[in-house]
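[1] Let's see this in three dimensions:
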Amino acid sequence: QVQLVESGGGLVQPGGSLRLSCAASGDIFNIYTMKWYRQAPGKQRELVASINREGTTNYNDAVKARFIISRDNAKNTMYLQMNSLKPEDTAVYYCHANVQTTSLITRSDDYWGQGTQVTVSS
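    Numbers count the residues shown, from 1 in each chain. A predicted model of the protein is given here:
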């Protein structure tokens, strides 16, 4: 089993910053691509940013130049530095990881965290 735990959410004023963390634990042999998603009330879940094991990143156009995704492979942890936050960034942010749990087989599975609330409001 693999567990993903997000932290760092909260209430922040427009223009402020937050840093989210996603820590993976459990039966982990290798973590491939890690992603941040978000879901605002009444909207579909959307991809915010992704990062592969080598550090290649991709961003949703809505957050490009404001958010920075990173990871520490030694700690099995991913981060999302969110700057210049806007009210429209308000959402529950979810961590997603593609994980190979054993060296015996090459299959990898997808795991989700429970989400952390980010609210941007004055």
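[2] Give the residue farthest from the middle of the protein.
    Farthest-out residue of the chain from its mean C-alpha position, per Cα atoms, centre = their mean: Leu104, at 27.7 Å.
[3] Secondary structure class of that residue, three-state.
    Recorded secondary structure, Leu104: coil (DSSP: H, G, I helix; E, B strand; the rest coil).
[4] Return the per-residue confidence for it.
    Per-residue pLDDT puts Leu104 at 84.
[5] Quick one: residues contacting it.
    Leu104 makes contact with no residue, according to Cβ atoms under 8 Å, 6 or more residues apart in numbering. In short, each C-beta sits where N, CA and C put it, glycine included.
[6] what's the distance between it and Ser50?
    As judged by Cβ to Cβ, to the nearest Å, Leu104 and Ser50 stand 27 Å apart.
[7] Give me the phi and psi angles of the nearest residue to Arg53 once chain neighbours are set aside.
    Leaving aside its sequence neighbours, Arg53 sits nearest to Tyr32 (Cβ to Cβ, 6 or more residues apart in numbering; 5.9 Å). Here is the backbone geometry of Tyr32 (degrees, to the nearest 10): phi -90, psi -120.
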